[in-house]
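**Q** Using only what follows, build the 3D model:
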Amino acid sequence: MLARVNVLDERFGRIVDAWDGARIQLAATERRLAANRIALIRARRQSRIADLRLEHLLVAIYENGQPTLPQILVGASSVSDLVDQLDAAQTIDAYDRHVADEARRWQNTLTATNTRLRQIRHKRRDTVAELDRERGQIGGMLVRRRRLLASIQSEVAVLKAREAARQRALAAAARARLAREQALLAKQAAARAAATPAPTLTTTTTTTTTTATGAAGTTTAPAAITTSTASPSPAPVLSAGYPQAAAIALHYLGVPYQWGGASPTTGFDCSGLVMYVYAQLGVELPHQAAAQYAYGTPVPRDQLQPGDLVFFNGLSHVGIYIGSGEIVHAPETGDVVKISPLSQGGTYDGARRL
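**A** Numbering: from 1, shown residues only. Next comes the predicted model:
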């Protein structure tokens, strides 16, 4: 659910961003269209002025006639004045025509621009409307998903609290059991030491005959030869491994799972937890479950003792056995170091005692 909400949230963000961009483009188009309208109004006014000037010129020519060359010659006071008057007449006529033509071209350009901007505005309004609809749809879905997620998260919080309480109870029971087992082991070791007899010596006498020859005759006397044989000592007891590792592992219950983690400050993965616990006992282990399986000696499942390492899922997962069919392990991402039944560790591969 959280992943779906995150995907929706990301999509909503992209849509909102696109919607904002489309609105900015639409506003820019509206401004350009407004400016073009003003320019078009001015162009039409200039075109009308130019047309009026041309009309006045035509009326003047019609009423008065355009000055002829003889009229200009008569009115000219000099050759220079003559040239000036001819240029002026032609220039005025050409200028008026140029102004009118330019005004009409500018008006046509602005009219075409106005048409194009209206088309652009229409398209951009459609884009904004479409993005706005999509924004509303996704926003509504996101609100509903977030509400559902909030309710689920509250339930998850309750479940986590219950699990934490259960883990605390399991840890307390495990600590008490381990303390009793350690006390019992110490008592049994002391009893065995007290019951072990001291080595005894067995004396064996062998009689031999010694013959002495003297003047009075031959005398035979027994001679005693004593040998000592030590009785065999009992076979040594096999090592019980590191049962204290189970008690140490209980200190890290609740530490978050972290892939590649091997510290309570950064988190643990399964082999990182085992490595960290056994390092405190002076045992150096590699940071990999399969590599850890190469250490120690195999232990049958029905002979597991606290501190033994148990392996699962093709040697991809490892935990520390704490007795009563339970292990301490770092299960997976999103979880914490916890106590679980041995059956929940995964597909059982075997155990090793260090």
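
**Q** where along the stretch 201-350 of the chain do the helices fall?
**A** Ranges of helices within the stretch 201-350 of the chain are 244-249, 270-279, 289-292, based on DSSP state H, counting those that start in this stretch.

**Q** tell me which residues of the first one are tucked away?
**A** By neighbour count, with 16 or more other C-beta atoms under 10 Å as the criterion, the buried positions of helix 244-249 are 245-249. From N, CA and C alone the C-beta is placed, and that goes for glycine too.

**Q** What strand or helix carries Gln167?
**A** Gln167 belongs to helix 79-195 when assigned by DSSP states H and E.

**Q** Which strands or helices does that helix pack on?
**A** Under the contact criterion of 3 or more C-beta pairs under 8 Å, 6 or more residues apart in numbering; DSSP states H and E, helix 79-195 touches helix 2-64, helix 69-75, helix 244-249, strand 317-323, strand 338-341.

**Q** By mean pLDDT, show me the worst of the ones you listed.
**A** Mean pLDDT is lowest for helix 69-75 out of those, coming in at a mean of 48.

**Q** How about Trp300: what's its closest non-neighbour residue?
**A** For residue 300 the amino acid is Pro, not Trp. Spatially, and ignoring its direct neighbours in sequence, Pro300 is nearest to Ala351 (7.9 Å; C-beta to C-beta, 6 or more residues apart in numbering).

**Q** Show me the beta-bridge partners of that neighbour.
**A** On the basis of DSSP bridges, Ala351 is bridged to Val310.

**Q** What is the burial count for it?
**A** Residues lying near Ala351 (other C-beta atoms under 10 Å) number 23.

**Q** Isn't it up against Leu304?
**A** Yes: taking contacts as C-beta atoms under 8 Å, Ala351 lies within contact range of Leu304: 5.8 Å.

**Q** which neighbours do the two share?
**A** 310, 321 (C-beta atoms under 8 Å, 6 or more residues apart in numbering).

**Q** sorry, back to before: and the helices of the stretch 201-350 of the chain, which is most packed in?
**A** With neighbours taken as mean count of other C-beta atoms under 10 Å, the helices of the stretch 201-350 of the chain reach their highest mean count in helix 270-279, at a mean of 23.

**Q** Give me the angle between that helix and strand 317-323.
**A** With axes from the mean of the first three to the mean of the last three C-alpha atoms, to 10 degrees applied, the angle from helix 270-279 to strand 317-323 works out at 50 degrees.

**Q** In the chain, where is pLDDT below threshold?
**A** The model of the chain has pLDDT under 70 over residues 1-6, 8-9, 13, 50-51, 53-100, 145, 149, 198-240.

**Q** Quick check: can you list the domain ranges of it?
**A** Here the chain is described, according to automatic domain parsing, as comprising the domains 2-158, 241-353.

**Q** can I get those domains in TSV with distance to Ala176?
**A** Shown next, in TSV, are these (distance: least, C-beta to C-beta, whole Å):
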stretch	distance to Ala176
domain 2-158	28
domain 241-353	11
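
**Q** Quick one: closest of the ones you listed to Ala174.
**A** Among the domains of the chain, domain 241-353 comes nearest to Ala174, with 5.3 Å by C-beta to C-beta.

**Q** Now do the end-to-end distance for that closest one.
**A** Domain 241-353 has an end-to-end distance of 6 Å (criterion: C-alpha to C-alpha, to the nearest Å).

**Q** Quick check: the gap between the closest residue to Thr297 other than its chain neighbours and Ala22.
**A** Once flanking residues are discounted, Thr297 sits nearest to Arg353: 5.6 Å by C-beta to C-beta, 6+ apart. Separation of Arg353 from Ala22 (C-beta to C-beta, to the nearest Å): 69 Å.

**Q** can you pull the contacts of Asn36?
**A** Per C-beta under 8 Å, 6+ apart, neighbours of Asn36: 110, 113-114, 117.

**Q** typed the wrong thing, it's Pro256
**A** When contacts are counted by C-beta under 8 Å, 6+ apart, Pro256 touches 267, 335-336.

**Q** surely Ile138 meets Phe12?
**A** Yes: Ile138 is in contact with Phe12 according to C-beta under 8 Å; the separation is 4.7 Å.

**Q** coming back round to it: can you check which of the domains of the chain gets nearest to Pro197?
**A** Within these, the stretch nearest Pro197 is domain 241-353; the backing value is 28.2 Å (C-beta to C-beta).

**Q** so how far is the closest one from its chain's centroid?
**A** Domain 241-353 sits 25 Å away from the centroid of its parent chain (C-alpha atoms, centre = their mean, to the nearest Å).

**Q** one step back: top of the contacts of Pro256 by neighbour count?
**A** The residue in the contacts of Pro256 with the most neighbours, by other C-beta under 10 Å, is Gly267 (21 neighbours).

**Q** Can you tell me the closest non-neighbouring residue to that residue?
**A** Of all residues not flanking Gly267 in the chain, Gln258 sits nearest, at 2.7 Å (C-beta to C-beta, 6+ apart).

**Q** Tell me who's in contact with that neighbour.
**A** Gln258 touches 266-269, 272, counting by C-beta under 8 Å, 6+ apart.

**Q** among these, which two are most distant?
**A** It's Thr266 and Asp269 that sit farthest apart of these, by C-beta to C-beta, at 10.4 Å.

**Q** my guess is Ile248 meets Ala279, correct?
**A** No: assessed by C-beta under 8 Å, Ile248 is found out of contact with Ala279, at 10.0 Å.
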